[in-house]
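S.K.: quick one: sequence and predicted model below, then my questions.
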Amino acid sequence: MSMLEVKISKTISFAVAFMLIIIVVSFMSACNNPATEKNQARLKTYESFAPAMISSPPTKPSPTPIAPETKIPETNKYIGSIKSTKYHSPSCEWAKKISTSNEIWFRSAEDARSKGYVPCKVCNPPS
């Protein structure tokens, strides 16, 4: 870009920012002017929504987790996470990263698949 183009770009950016400020200020002054019923209605609508927008952030629906078993019997051969759909051999590098609070153990590959889990592509447990 040439210096002229940079100056023009900065000038345009400044002009757009200035126009936005003017629009916001004029809107705020119109809403703060209690002279009209329309402005009072706008202000009441804003005031009724503002506390809800500030106090409660949007929430995502949480999936129903499968509760991890507290004791791991000797018969369990594969591990998965309640936060994913992959099952692993216990020696897998990804299995070692699963938090103990998120662990779910399976007795067999069929057991894991029946609960909707798929084999890890890194450790390739039997499917």
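M.R.: Now that the structure is in, tell me what you want to look at. Residues are numbered from 1 along each chain as shown.
S.K.: give me the domain ranges for this protein.
M.R.: 3-55, 61-127 (automatic domain parsing).
S.K.: residues in contact with residue 123?
M.R.: 88-89, 91-95 (C-beta atoms under 8 Å, 6 or more residues apart in numbering). Bear in mind the C-beta positions are built from the backbone N, C-alpha and C, glycine included.
S.K.: for the chain, what helix or strand is lowest in average pLDDT?
M.R.: helix 37-55 (a mean of 57; mean pLDDT, DSSP states H and E).
S.K.: tell me what the very next helix or strand once past it is packed against?
M.R.: Next in sequence after helix 37-55, counting helices and strands by DSSP states H and E, comes strand 78-81. Where contact means 3 or more C-beta pairs under 8 Å, 6 or more residues apart in numbering; DSSP states H and E, strand 78-81 is packed against strand 86-88, strand 103-106, helix 109-114.
S.K.: list the contacts of strand 78-81.
M.R.: Outside strand 78-81, the residues touching it (C-beta under 8 Å, 6+ apart) are 86-90, 95, 98-99, 102-106, 108-109, 111-112, 117, 125.
S.K.: where does pLDDT dip in this structure?
M.R.: Where the chain drops to pLDDT under 70, the residues are 1, 3-4, 6-8, 27-74.
S.K.: what do you get if the cut-off is 50, keeping everything else the same?
M.R.: 53, 70 (pLDDT under 50).
S.K.: in the sheet, who's paired with the closest residue in space to residue 76 that isn't next to it in sequence?
M.R.: Counting by C-beta to C-beta, 6 or more residues apart in numbering, residue 76 lies nearest to residue 105, which is 3.7 Å off, once chain neighbours are set aside. In this entry, residue 105 is beta-bridged to residue 79, by DSSP bridges.
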